[in-house]
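1. sequence first, then the predicted structure, then my questions.
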Amino acid sequence: MCGRYALTSKPDEVLDFTGVAALDDFPARFNIAPTQPILVVMQAERSDPGSNLPDRRAFLARWGFIPGWAKDPKDLSLMINARSESAIGKPSFRAAMRHRRILVPASGFYEWRRQEKSGEEKSQPYWIRPKNGALIAFGGLMETYASADGSEIDTAAILTTGANRALSRIHDRMPVVIGQEDFTRWLDCRLQEPREVKDLMKAVDDDFFEAIPVSDRVNKVSNMGAELQLPAEDVAPLPAIRQKSKPDDSQLSLF
């Protein structure tokens, strides 16, 4: 899953990376949590087909998806993630998957590994970031929810997939990362149906991320400083990555 992440790059770096037409200034955020406003990028309709300006727009949405058909959001569980394996057909996400796919710029995310220490089960947080330090974009879904009083709010969820072998040592799920070369195809809901972008909703390679153990200060939403990403001391190393099983040469094969 993805329950906390960070966006610490400068606005001009995010603008260049996402290719949006314009982007307001914003501060570095080291501990972005559910229900908070998050920066998302969506395909925009061209007002002038002959213009050379980018056709992507950036805006803020509430991290916590509310389906358009919901009568009272209070009756729903908080939907911060959407499982990529079922999002195409699930009623909550089906329309957004078809019409409102988004990108969520990020510098990395946090995940917690459950472990037993001194007879007590605890969770060790990890700061997970690209090894090359580059910006990334999570695949996401957006829905504008209209309440009974006529007010509207943009809401969003981050898509997840099964973790790769490296991160499965921490958690069995991870965010879907859309490569920059696939931004256009992912965002083009007019020409690209969900089944045509299904191949993008997969785990990144095992060596894409590095996982750094950090202190449990990240557990508190009120803690928002850069110190959250400092390596923690005296943390047991992660288990070795399981090697892929090899066929048993002692057994005969028909293939």
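-> Perfect, I can see it now.
2. average model confidence for stretch 79-96?
-> Here stretch 79-96 scores 97 as its mean pLDDT.
3. should've said stretch 225-233
-> So the average pLDDT for stretch 225-233 ends up being 96.
4. restrict that stretch to CA atoms and write it as PDB.
-> Extracted as PDB, the C-alpha positions of stretch 225-233 are listed here (Å, rounded to 0.1, in the frame of the first residue of the first chain):
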ATOM      1  CA  GLY A 225      10.800  18.200   8.800                       C
ATOM      2  CA  ALA A 226      13.700  16.800   6.700                       C
ATOM      3  CA  GLU A 227      15.000  14.900   9.800                       C
ATOM      4  CA  LEU A 228      12.200  12.300   9.100                       C
ATOM      5  CA  GLN A 229      14.400  10.900   6.300                       C
ATOM      6  CA  LEU A 230      17.600  10.500   8.300                       C
ATOM      7  CA  PRO A 231      18.700   6.900   8.700                       C
ATOM      8  CA  ALA A 232      17.800   5.300  12.000                       C
ATOM      9  CA  GLU A 233      20.500   3.500  14.100                       C
END
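5. next one: that stretch to chain centre, how far?
-> 21 Å (C-alpha atoms, centre = their mean, to the nearest Å).
6. please identify the buried residues of it?
-> Residues of stretch 225-233 classed as buried by neighbour count (16 or more other C-beta atoms under 10 Å): 228-229. C-betas here are computed from N, CA, C, even on glycine.
7. can you name the residues in contact with it?
-> Outside stretch 225-233, the residues that touch it by C-beta atoms under 8 Å, 6 or more residues apart in numbering are 6, 8, 28, 30-31, 124, 127, 212-215, 217-218.
8. all the helices of the stretch 1-150 of the chain, residue numbers only.
-> Ranges of helices in the stretch 1-150 of the chain, per DSSP state H, counting those that start in this stretch, are 11-18, 94-99.
9. now these as TSV including mean neighbour count and distance to A166?
-> Shown next, in TSV, are the helices of the stretch 1-150 of the chain (neighbours: other C-beta atoms under 10 Å; distance: least, C-beta to C-beta, whole Å):
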stretch	mean neighbour count	distance to A166
helix 11-18	16	24
helix 94-99	18	27
